[in-house]
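Sequence first, then the predicted structure, then my questions.
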Amino acid sequence: MTPAWLAPRACSVIGAAHRRQGKPCQDASLSAELSGRNGEALQLLAVADGHGSSRSWLSDRGSALACREAQRAVVEALQRTPLGDTTTWRHLLREGLPATIQARWQAAIADDWRHQPQNADPLEPVTYGCTLGLVLLAPQWWGCTGLGDWDLVAVHRTGEAALISQEESLGARAAAEATASLCLPQAAGLCARRAQLQPLAAHPQLRALVLSTDGVRKSCASDADFLALCSQVIDLDDPQQLEHGLEQITRQGSGDDVSLAIGRRAQPAAGRWPRRAGLALSLGSGTVALATALVAGSRLLQRPAPRPDPVLQQQQALCADPSRIRANLTPRRAQLLQLQRDPTLGQRLLAAPERDPLGALLARSQRSPLRACPPLEQHLATLWRDAGGKMPAAPPRPDERPPAGSRPAAPGSR
């Protein structure tokens with residue numbers, strides 16, 4: 001019998017920002033092919049993203065333990081429950097698996113904490129805090145569950161992609177947390193909001209599912225580019241190609257850790273899946289080309305398109321979606337302090353801006369006024385003020401009136 005799904009794949013890559021700062025990768029991912037009592041095949045995809053804050057200083061271990069315990073919980077459920085019993089599996093995705101995973105994770109971090117040299121203090125679960133996203137691929141259905149800011153994309157036979165699960169606005173549910181976390185007391189209950197089970201017969205056009213941590217989506221200039229990336233990445237058969245592509249995505253994008261897990265339907269009985277024509281993806285600080293030939297047998301490469309000013313391109317990308325300004329700039333506080341202490345750092349960044357466009361943007365903002373959007377100017381000014389420095393004021397825009405009681409400067413005056 002032809003299997004319903006091809007072998008799954010997963011990959012995590014340390015973010016460019018974490019690499020510069022000497023921090024570990026806080027993402028974890030896994031893919032596994034499991035077997036039930038009657039030889040039933042079930043595939044598992046999992047991604048977890050450690051919070052990485054000062055309070056969550058062991059979240060890299062927390063995310064790895066979350067993926068490990070999720071697999072163990074699914075294995076146990078598979079031994080008890082036939083895959084044909086979709087009613088029970090739907091309940092497991094909503095309640096049973098989340099509760100088991102959280103309990104196992106809590107026991108695992110407690111055991112890990114006992115082996116830490118700083119274990120004189122009582123364990124606070126936020127120390128290991130992380131998100132968790134799971135996808136199960138059965139012969140007749142697929143399902144998902146989890147919590148946090150992971151994304152799930154469905155890719156159809158035509159190559160079109162659609163975002164089918166993303167985190168809702170948290171409101172007051174997670175207090176000070178930026179995203180729902182496995183460390184929250186109500187974590188298991190939060191998973192029910194994103195749990196679903198879908199029969200494959202109802203979705204004959206489904207070709208693949210792509211599960212990712214938030215660093216991938218944040219690295220793309222728009223959701224359209226994120227969906228285009230997902231539709232293309234499923235054709236990368238070599239694990240090294242996938243790893244290389246993710247390294248470029250974090251380097252050109254947000255600098256955050258990135259993880260992808262991919263589940264693909266088996267080829268149709270006749271013919272092959274159609275491939276889309278090559279296209280270019282706009283990332284946070286550049287453009288990556290995904291050509292058909294490269295997807296088929298090579299790798300993700302930077303598009304050799306003219307980029308006269310990488311810093312301006314970075315600035316425009318941030319201003320195009322101001323909601324990403326804080327996420328991209330806040331991790332650069334250490335680099336900003338270095339710019340304060342070492343004037344030659346700014347010279348090196350500006351001499352080769354294509355290597356680190358965001359760093360070059362900081363260096364330029366230190367030396368001369370920017371003509372950026374107000375949200376970017378305001379956030380940069382706040383960062384410089386907090387670092388004990390000052391950003392040069394931008395010249396007034398043509399559509400701005402001078403403050404009351406002031407006079408416009410004469411042409412050419414300073």
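Received the coordinates, thanks.

Going by C-alpha atoms from here, please, whenever you check contacts or count neighbours.
Noted.

how about the nearest residue to residue 259, chain neighbours excluded?
residue 12 (4.2 Å; Cα to Cα, 6 or more residues apart in numbering).

so where's the chain uncertain?
Counting by pLDDT under 70, the chain has low-confidence residues at 1-2, 118-119, 169-177, 268-308, 390-414.

Quick check: phi and psi at the residue nearest to residue 259.
With angles defined as degrees, to the nearest 10, residue 12 sits at phi -120, psi 140.

Now do it against residue 70, distance only.
Between residue 12 and residue 70 the distance is 17 Å, computed by Cα to Cα, to the nearest Å.

swap in residue 378?
From residue 378 over to residue 70 the distance is 42 Å, taken as Cα to Cα.

ok, now residue 102?
From residue 102 to residue 70 the distance is 9 Å (Cα to Cα).

for residue 261, same thing?
Taken as Cα to Cα, the span from residue 261 to residue 70 is 15 Å.

try residue 10
Counting by Cα to Cα - residue 10 and residue 70 are separated by 15 Å.

Check residue 38 too.
Relative to residue 70, and taking Cα to Cα, residue 38 is found at 22 Å.

Would you map the strands across this structure?
Per DSSP state E, the chain carries strands over the ranges 9-13, 27-35, 41-49, 132-137, 141-147, 151-156, 161-165, 196-199, 206-212, 258-264, 279-282, 287-290, 301-302.

can you list the domains in this protein?
Domain assignment for the chain by automatic domain parsing gives 9-267+279-302, 310-386.

Burial-wise, tell me which of the ones you listed comes out on top.
Highest mean neighbour count among the domains of the chain (mean count of other Cα atoms under 10 Å): domain 9-267+279-302, with a mean of 20.

mind checking how far that one is from the chain centre?
Distance of domain 9-267+279-302 from the chain centroid (Cα atoms, centre = their mean, to the nearest Å) equals 9 Å.

and the gap between the closest residue in space to residue 66 that isn't next to it in sequence and residue 379?
Leaving aside its sequence neighbours, residue 66 sits nearest to residue 105 (Cα to Cα, 6+ apart; 5.9 Å). Distance from residue 105 to residue 379, counting by Cα to Cα: 37 Å.

can you check residue 364 too?
Distance of residue 364 to residue 379, computed by Cα to Cα: 15 Å.

Likewise for residue 179?
For residue 179, the distance to residue 379 - Cα to Cα - is 22 Å.

repeat for residue 336
13 Å.

for residue 314, same thing?
15 Å.

For residue 356, which residues are in contact?
By Cα atoms under 8 Å, 6 or more residues apart in numbering, residue 356 lies in contact with residue 349.

So for residue 13, what's the nearest residue that isn't a sequence neighbour?
residue 258 (5.5 Å).

need the contact list for the one you found.
With Cα under 8 Å, 6+ apart, residue 258 has these contacts: 12-15, 27, 212-216, 246, 250.

Residue 154: which of those residues is nearest?
Comparing these against residue 154 with Cα to Cα places residue 212 closest, at 11.7 Å.

okay, stretch 319-334 in PDB with CA atoms only?
This file holds the C-alpha atoms of stretch 319-334, laid out as PDB (Å, rounded to 0.1, in the frame of the first residue of the first chain):
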ATOM      1  CA  CYS A 319       8.500  51.000   7.900                       C
ATOM      2  CA  ALA A 320       6.400  48.800   5.700                       C
ATOM      3  CA  ASP A 321       5.300  46.800   8.800                       C
ATOM      4  CA  PRO A 322       5.900  48.900  12.000                       C
ATOM      5  CA  SER A 323       4.700  46.100  14.200                       C
ATOM      6  CA  ARG A 324       8.100  44.400  13.500                       C
ATOM      7  CA  ILE A 325      10.300  47.300  14.400                       C
ATOM      8  CA  ARG A 326      10.500  46.400  18.100                       C
ATOM      9  CA  ALA A 327      11.100  42.700  17.500                       C
ATOM     10  CA  ASN A 328      14.000  43.500  15.100                       C
ATOM     11  CA  LEU A 329      15.700  46.300  17.000                       C
ATOM     12  CA  THR A 330      15.400  45.300  20.600                       C
ATOM     13  CA  PRO A 331      17.800  42.400  20.300                       C
ATOM     14  CA  ARG A 332      20.400  44.900  19.000                       C
ATOM     15  CA  ARG A 333      20.900  46.700  22.300                       C
ATOM     16  CA  ALA A 334      24.300  45.100  22.800                       C
END
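
That stretch: how far from the chain's middle?
For stretch 319-334, the distance to the chain centre is 14 Å (Cα atoms, centre = their mean).

Contacts made by stretch 58-71 with the rest, please.
So stretch 58-71 is contacted by 24-30, 44, 46-52, 97, 101, 104-105, 108-109, 127-132, 134 (Cα under 8 Å, 6+ apart).

go with 7 Å
With contacts defined as Cα atoms under 7 Å, 6 or more residues apart in numbering, stretch 58-71 is touched by 24-30, 46-52, 101, 104-105, 108-109, 127-130, 132.

can you check stretch 260-268 too?
3-6, 8-12, 31, 45-46, 207-213, 234, 273.

Same check on stretch 132-140?
Taking Cα under 7 Å, 6+ apart as the rule, stretch 132-140 contacts 4, 41-49, 66, 83, 142-148, 150, 199-200.

Next one: the closest residue to residue 213 other than its chain neighbours from residue 343, what distance?
In this structure, residue 213 finds its nearest non-sequential neighbour in residue 150, 4.6 Å apart by Cα to Cα, 6+ apart. Using Cα to Cα, residue 150 is found at 39 Å from residue 343.

how close does the closest residue in space to residue 216 that isn't next to it in sequence sit to residue 12?
Once flanking residues are discounted, residue 216 sits nearest to residue 258: 5.5 Å by Cα to Cα, 6+ apart. Counting by Cα to Cα, the gap from residue 258 to residue 12 is 6 Å.

list residues touching both of the two?
residue 27.

how about residue 138, phi and psi?
Backbone geometry at residue 138, expressed as degrees, to the nearest 10, gives phi -100, psi 170.

tilt between the lengthiest helix in the chain and strand 132-137?
Using DSSP state H, we find that the single longest helix of the chain is helix 59-80. Going by axes from the mean of the first three to the mean of the last three Cα atoms, to 10 degrees, helix 59-80 is angled at 30 degrees with respect to strand 132-137.
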